[in-house]
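Student: no letters, just coordinates:
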């Protein structure tokens, strides 16, 4: 078992209390299901392996179009992970903020994150 898989398994097997995120003026419990976290970590592990594969392709002087195709695949995979994280944030964190009455702070934080994320 490689180090990243071992670390991912160890981090998922440890029971952590909910993470507290300080979003500007308020903090809320950042609670996501272990299943959701596992899926995201697994996707990121596959992407990590794919990137290592691209590095090997470059080292082996693979034709540029083939390398670019694989880079495009990694971009797509990262975009999918980002979409999953955003969906989780909307359904969990934003919904929780609405119930707790701190929507404005959460919306501002989301906008700031999207400004950095989107080109």
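Tutor: Right, received. Where do you want to start? This structure is a prediction, so every number in the text was calculated from the model and none was measured. Numbers count the residues shown, from 1 in each chain.

Student: now the closest residue to residue 67 other than its chain neighbours: how far from residue 71?
Tutor: Sequence neighbours aside, residue 57 is the residue nearest to residue 67 in space, at 5.3 Å (criterion: C-beta to C-beta, 6 or more residues apart in numbering). For glycine as for every other residue, the C-beta is placed from the backbone atoms N, C-alpha and C. Relative to residue 71, residue 57 is positioned 10 Å away (C-beta to C-beta, to the nearest Å).

Student: what about the two, which has more around it?
Tutor: For residue 57 and residue 71, the more surrounded residue by other C-beta atoms under 10 Å is residue 57, and the numbers stand at 17 against 14.

Student: report pLDDT for residue 32.
Tutor: The confidence metric pLDDT takes the value 75 at residue 32.

Student: element containing it?
Tutor: Of the helices and strands defined by DSSP states H and E, none includes residue 32.

Student: I'd say it and residue 88 touch.
Tutor: Yes: Residue 32 lies in contact with residue 88 (C-beta atoms under 8 Å); the separation is 5.9 Å.

Student: residues touching residue 46, list them.
Tutor: Under the criterion of C-beta atoms under 8 Å, 6 or more residues apart in numbering, the neighbours of residue 46 are residue 77.

Student: ditto for residue 74
Tutor: Here residue 74 is in contact with 47, 50, 51, 54 (C-beta under 8 Å, 6+ apart).

Student: now with 6 Å, please.
Tutor: Counting by C-beta atoms under 6 Å, 6 or more residues apart in numbering, residue 74 touches 47, 50, 51.

Student: so which of those is the most crowded?
Tutor: Within the contacts of residue 74, neighbour counts (other C-beta under 10 Å) peak at residue 47, which reaches 18 neighbours.

Student: before we move on, back to that, what's the distance between the residue nearest to residue 67 and residue 84?
Tutor: 27 Å.

Student: and residue 69, by the same measure?
Tutor: 23 Å.
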